[in-house]
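Undergrad: show me how the following folds:
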Amino acid sequence: MDPVVVLQVIGALDAIDDAGSFGYMALEALSFALDFDHGSYNEVDTSTSSVYFSEWPHDAPHNDADEEGFSKLVGENPILRYQETTGDRSARRLSDFITTEQLHELDLYQRVYRHLHVEYQLAMALAVKDPVTIAFALNRRHPDFSDDEVRLLDALRPHLVQTYRNAQLLTVLRGIDDVLAESGRALVVLGKGGLDARASPRAQVALATHFGPPRAGVLPEPVAAWVAEERRQVFDDGRPRIHRPLVSADGDRQLVVRFLPGGGARPDVLAIDEHVPERVAAELRRLGLTSREAEILAVMMRGASTSEAARQLDVRSSTLSKHLQHIYRKLGVASRTAAIAAATDAVFSAR
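TA: Numbers count the residues shown, from 1 in each chain. You can find the predicted model right below:
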């Protein structure tokens with residue numbers, strides 16, 4: 001197993017970001033490491049005898065293969081039957097289950113595989129969940145796939161699974177991004193590790209503008225540190241944590257990032273919102289605050305401490321503290337953190 005070739009495959013997989021082209025591009029990536037004449041990516045639903053598949057290469061000869069009948073005949077494939085029965089997703093060869101003579105007796109071979117010159121096959125599943133199996137099948141005329149090739153495909157399986165998930169997620173994100181774009185919002189879906197993330201195009205631009213260009217798939221350091229803190233469920237003294245936004249100002253625009261914790265199979269998500277400061281102050285006044293109180297709270301939403309806010313607004317700290325007490329009372333909260341959280345909710349949901 002040449003590590004350089006494996007890295008080439010992984011690099012090609014990392015570049016896939018669209019669910020529609022996933023099958024073909026993943027097969028092309030596998031061709032860097034495995035020799036096969038024809039490959040297919042298959043989504044098989046045996047309950048309805050329906051199959052979605054994409055093939056590599058584009059110009060693979062079909063020679064009168066019964067493509068329409070393939071969906072009804074694919075259930076004869078012993079690897080697919082094994083996957084569905086056991087749930088085993090590991091790489092398997094046709095020759096692990098049947099002889100060449102038995103293969104030739106199958107209608108699947110006579111009507112499909114024979115015309116595609118499929119004599120040997122190596123297949124591996126990404127997912128097996130009754131009644132749907134998602135799998136890759138690598139085919140060639142000769143010779144049979146070796147044990148080393150089986151092990152190599154198994155070693156690449158986790159990368160294929162992750163690429164599939166990422167492609168599905170990014171495709172959904174792009175659709176959501178189009179809807180949110182009109183209101184200046186965007187989303188980032190976090191991986192379990194805390195630093196890895198999948199961001200919509202608008203989110204990538206917003207984060208790069210405020211925190212500098214990040215490495216692909218990795219949160220900028222200030223954002224990653226804030227996420228790690230927000231993922232703590234309680235403060236050190238055991239009190240429940242109020243999730244506070246991350247706020248950054250760049251020129252006349254303000255970026256507000258909110259942490260939305262997931263649960264179970266749901267990932268954590270960052271909701272990103274960009275505001276013009278004047279609009280922020282206007283939304284805060286809707287909460288019953290005076291213009292001065294709205295101005296003070298807007299400054300604190302940008303991360304300023306009490307002393308920093310007093311200095312920016314050219315007032316005494318004692319005067320600012322009195323304003324803060326009025327703000328807390330009007331918002332029905334008891335702390336600066338809670339006031340910022342309430343203000344962020346009001347501004348974020350106003351549009």
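
Undergrad: going forward, measure contacts and count neighbours with C-alpha atoms only.
TA: Will do.

Undergrad: quick one: pLDDT of the nearest residue in space to Leu138 that is not next to it in sequence?
TA: Of all residues not flanking Leu138 in the chain, Gly39 sits nearest, at 4.5 Å (CA to CA, 6 or more residues apart in numbering). Note on Gly39: pLDDT of 95.

Undergrad: beta partners of Gly39?
TA: Beta-bridge partners recorded for Gly39 (DSSP bridges): Trp56, Leu138.

Undergrad: try Arg258
TA: When bridges are called by DSSP bridges, Arg258 pairs up with Ala271.

Undergrad: next structured bit after the helix or strand harbouring Leu284?
TA: Assigned by DSSP states H and E, Leu284 belongs to helix 277-285. Where DSSP H and E defines the elements, the next helix or strand beyond helix 277-285 is helix 291-301.

Undergrad: contact partners of that next one?
TA: 247, 277, 280-282, 284-285, 306, 309, 313, 320, 323-324, 327, 340, 343-344 (CA atoms under 8 Å, 6 or more residues apart in numbering).

Undergrad: which of those residues are buried, as a PyMOL select command?
TA: Buried residues within the contacts of helix 291-301, by 16 or more other CA atoms under 10 Å, are selected in PyMOL with:
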select buried, resi 247+277+280+281+284+285+306+309+320+323+324+327+340+343+344
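
Undergrad: elements contacting the strand or helix carrying Asn42?
TA: Asn42 belongs to strand 38-45 when elements are defined using DSSP H and E. Helices and strands touching strand 38-45, by 3 or more CA pairs under 8 Å, 6 or more residues apart in numbering; DSSP states H and E, are helix 22-30, strand 50-56, strand 132-140.

Undergrad: quick one: average pLDDT of the shortest one?
TA: Just to be clear, that refers to strand 50-56. Here strand 50-56 scores 88 as its mean pLDDT.

Undergrad: do the last one as well
TA: Mean pLDDT, taken over the full extent of strand 132-140, equals 95.

Undergrad: returning to that earlier point: which residues does the strand holding Asn42 contact?
TA: 23-24, 27, 50-57, 60, 71, 116, 131-140.

Undergrad: CA atoms only: put that strand into CSV for me.
TA: The C-alpha trace of strand 38-45 is given here as CSV (Å, rounded to 0.1, in the frame of the first residue of the first chain):
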residue,chain,number,x,y,z
HIS,A,38,-15.6,-0.1,-14.8
GLY,A,39,-17.0,1.2,-11.5
SER,A,40,-20.4,2.0,-10.2
TYR,A,41,-21.8,3.9,-7.2
ASN,A,42,-25.2,2.3,-6.3
GLU,A,43,-28.1,3.2,-4.0
VAL,A,44,-30.2,0.1,-3.9
ASP,A,45,-33.7,-0.1,-2.4
